[in-house]
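1. Structure for the following, please:
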Amino acid sequence: MTKKDPPPPSPPPPPPPRAVREPAQVYLAPDDRDLLARLALGTNLSKAEILRRGIRSFAREQQGTTSPMLTFVRETTSQGWPADGAMNHDALLAESYVPPTKKRR
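-> As a prediction, this is how the structure comes out:
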């Protein structure tokens, strides 16, 4: 009986691509700086990541309930869509399809 060599180990996966980020300078009041430092220690996140998440949270707050998906859901439920829309979606789309007009050059 011959002994087979084990297969060679597979190479490590390539590192994920680095995100391109732009530096930003922020001036904080001492109490805000202390709050940021406490949050970083308590969450084990970097100060930059906490600021990024804060910006995103603020953007969502400002957007309110006007997200495109919520708007779509509200419009579709208020317009009385047919109950069999999921089953007959091809026919419904064919009825509402408007071919694009050709552009003149």
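
2. where does Pro7 fall, phi/psi-wise?
-> In terms of degrees, to the nearest 10, the main-chain angles of Pro7 are phi -60, psi 150.

3. Distance of it relative to Pro13?
-> For Pro7, the distance to Pro13 equals 17 Å [C-beta to C-beta, to the nearest Å]. For the C-beta atoms, the positions are set from N, CA and C on the backbone; glycine is no exception.

4. go on, Met87?
-> 43 Å.

5. Which of the two has more residues huddled nearby?
-> More neighbours surround Met87 than the other of Met87 and Pro13, with 10 against 6 (other C-beta atoms under 10 Å).

6. Let me see the contact set for that one.
-> By C-beta atoms under 8 Å, 6 or more residues apart in numbering, the contact set of Met87 is empty.

7. Got the confidence number for Gly80?
-> Listed pLDDT for Gly80 reads 71.

8. Select the longest helix from this structure.
-> helix 47-63 (DSSP state H).

9. Next secondary structure element downstream of it?
-> Following helix 47-63 in sequence order, the next helix or strand is helix 68-78 (DSSP states H and E).

10. Look up how far Pro30 lies from Leu36.
-> With distances taken as C-beta to C-beta, Leu36 is found 11 Å from Pro30.

11. Settle it for me: which of these two has more neighbours?
-> Comparing Leu36 with Pro30 by neighbour count (other C-beta under 10 Å), the higher total belongs to Leu36, at 17 against 7.

12. got the contact list for the least confident helix or strand in the chain by mean pLDDT?
-> The least trusted helix or strand in the chain, going by mean pLDDT, DSSP states H and E, turns out to be helix 68-78, with a mean of 76. The contact list for helix 68-78 (C-beta under 8 Å, 6+ apart) is empty.

13. How far does that helix sit from its chain's centre?
-> 19 Å (C-alpha atoms, centre = their mean, to the nearest Å).

14. Next: stretch 74-87.
-> Counting by C-alpha atoms, centre = their mean, stretch 74-87 comes out at 26 Å from the chain centroid.

15. Alpha carbons of that stretch, as CSV, please.
-> What follows is stretch 74-87, C-alpha atoms only, in CSV (Å, rounded to 0.1, in the frame of the first residue of the first chain):
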residue,chain,number,x,y,z
ARG,A,74,-47.4,53.4,0.8
GLU,A,75,-48.3,54.2,-2.8
THR,A,76,-48.9,50.6,-3.7
THR,A,77,-51.2,49.9,-0.8
SER,A,78,-53.2,53.1,-1.3
GLN,A,79,-53.8,52.6,-5.0
GLY,A,80,-55.7,49.4,-4.7
TRP,A,81,-53.4,47.0,-6.5
PRO,A,82,-55.0,43.8,-7.7
ALA,A,83,-54.9,40.9,-5.2
ASP,A,84,-53.5,38.6,-7.8
GLY,A,85,-50.6,40.9,-8.7
ALA,A,86,-47.9,38.5,-7.6
MET,A,87,-49.4,35.7,-9.7
